[in-house]
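Novice: here is my input; please provide its structure:
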Amino acid sequence: HGSPGLVATSQQARTGSTRLYMSDRQSSKSTKKKVITIQKDKVEEDEEDIPEEQYRVVLHNDEVHTFQYVVRALVKVIGTLDRKAAFEVCVTTHGVGKATVTKTWKKQAQQFCMGLQRQGLTASISPDKDFEGGHVGGGNG
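Specialist: Predicted coordinates for the structure are as follows:
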């Protein structure tokens with residue numbers, strides 16, 4: 001009942017069977033125009049020059065979930081992972097104790113990590129600089 005352009009007659013309002021009609025009159029009468037200017041605060045310049053640090057989403061081994069369950073959870077949470085890649089992560093996690101699922105910016109890594117935890121998996125994030133060697137595998141973080 002507060003929407004502009006919709007009108008209910010008083011008789012209809014009394015009977016409780018309100019029908020709403022589009023009203024041409026309300027929209028055509030208004031000739032006032034509002035201009036809203038939005039100013040963004042200036043971003044600190046030195047922040048733009050530094051590329052955002054990469055974080056790894058790390059899956060930790062557990063003795064609870066099956067490979068099939070973990071593969072499904074990984075594919076569901078990490079949209080860029082297909083079943084084959086998810087299976088490789090499972091193999092590495094099972095053999096080494098943990099494996100890198102993906103590398104991304106911090107906020108995305110946190111979201112992926114929480115998503116995996118919601119699926120009942122044990123996951124963490126760590127700055128990529130804390131790792132040595134390849135993309136998949138343990139590292140020292």
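Novice: where does the chain dip in pLDDT?
Specialist: The chain contains residues with pLDDT under 70 at 1-32, 36-50, 132-141.
Novice: please name the bridge partners of Val58.
Specialist: Note on Val58: beta-bridge partners Thr100, Ser124, judged by DSSP bridges.
Novice: roughly how far apart are it and Lys34?
Specialist: Applying Cβ to Cβ, to the nearest Å, the value for Val58 to Lys34 is 51 Å. Any C-beta I mention is one placed from the backbone N, CA and C, and that applies to glycine too.
Novice: okay, these two: which has more neighbours?
Specialist: Taking other Cβ atoms under 10 Å, Val58 and Lys34 do not tie; Val58 has more neighbours (25 against 4).
Novice: that one: what's it in contact with?
Specialist: By Cβ atoms under 8 Å, 6 or more residues apart in numbering, Val58 lies in contact with Lys98, Ala99, Thr100, Val101, Ala123, Ser124, Ile125, Ser126, Gly141.
Novice: and if we set it to 7 Å?
Specialist: The contact partners of Val58, taken as Cβ atoms under 7 Å, 6 or more residues apart in numbering, are Lys98, Thr100, Val101, Ala123, Ser124, Ile125, Ser126.
Novice: got it, and Ile125?
Specialist: Taking Cβ under 7 Å, 6+ apart, we find Ile125 in contact with Tyr55, Arg56, Val57, Val58, Ala109, Gln110, Cys113.
Novice: in strands, which of those fall?
Specialist: Judged by DSSP state E, these include Tyr55, Arg56, Val57, Val58 as members of strands.
Novice: just put those in a markdown table and tack on distance to Lys84.
Specialist: Listed next are these as a markdown table, based on distance: Cβ to Cβ, whole Å:
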| residue | distance to Lys84 |
| --- | --- |
| Tyr55 | 24 |
| Arg56 | 20 |
| Val57 | 18 |
| Val58 | 20 |
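Novice: from those, list the buried ones, please.
Specialist: In the ones in strands among the contacts of Ile125, burial by neighbour count holds for Tyr55, Arg56, Val57, Val58, counting by 16 or more other Cβ atoms under 10 Å.
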